[in-house]
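K.L.:
here are the coordinates; sequence isn't available:
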């Protein structure tokens, strides 16, 4: 859970930097914000199979992956790997 909170904090730091920063701070925040967004979008499509096997709404999985990234899909993947070994 703490990992998820740290991911959320990073989003807010970048967003605040984009909105209220100036100069290099705004630039770094902008690159960070859009960089994380791009990485998480790619991550969703790469790990889509894991989320399909987990069931539930793909919309939910998409939003969770966009916010939390691997902290959302990694536990699902580990749970699936554990259930196939039993």
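P.N.:
Nice, I can see it. Quick caveat, the model's predicted, so the values are computed rather than measured.

K.L.:
can you pull the contacts of the residue nearest the centre of the chain?
P.N.:
Nearest to the mean C-alpha position of the chain, by CA atoms, centre = their mean, lies residue 69 at 2.2 Å. Residue 69 makes contact with 7, 36, 39-40, 43 under the criterion CB atoms under 8 Å, 6 or more residues apart in numbering. C-beta coordinates here come from the backbone N, C-alpha and C atoms, glycine included.

K.L.:
check residue 33 too.
P.N.:
11, 14-15, 17-18.

K.L.:
chain center to stretch 29-40: distance?
P.N.:
On the basis of CA atoms, centre = their mean, to the nearest Å, stretch 29-40 is displaced by 11 Å from the centre of the chain it belongs to.

K.L.:
likewise for stretch 31-46?
P.N.:
That offset, for stretch 31-46, works out to 7 Å (CA atoms, centre = their mean).

K.L.:
for it, buried residues please.
P.N.:
32-33, 36, 40, 43-44 (16 or more other CB atoms under 10 Å).

K.L.:
now these in JSON lines, with pLDDT?
P.N.:
As requested, the buried residues of stretch 31-46 are exported to JSON lines (pLDDT from 0 to 100):
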{"residue": "32", "pLDDT": "95"}
{"residue": "33", "pLDDT": "96"}
{"residue": "36", "pLDDT": "95"}
{"residue": "40", "pLDDT": "96"}
{"residue": "43", "pLDDT": "95"}
{"residue": "44", "pLDDT": "96"}
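
K.L.:
understood, closing this out.
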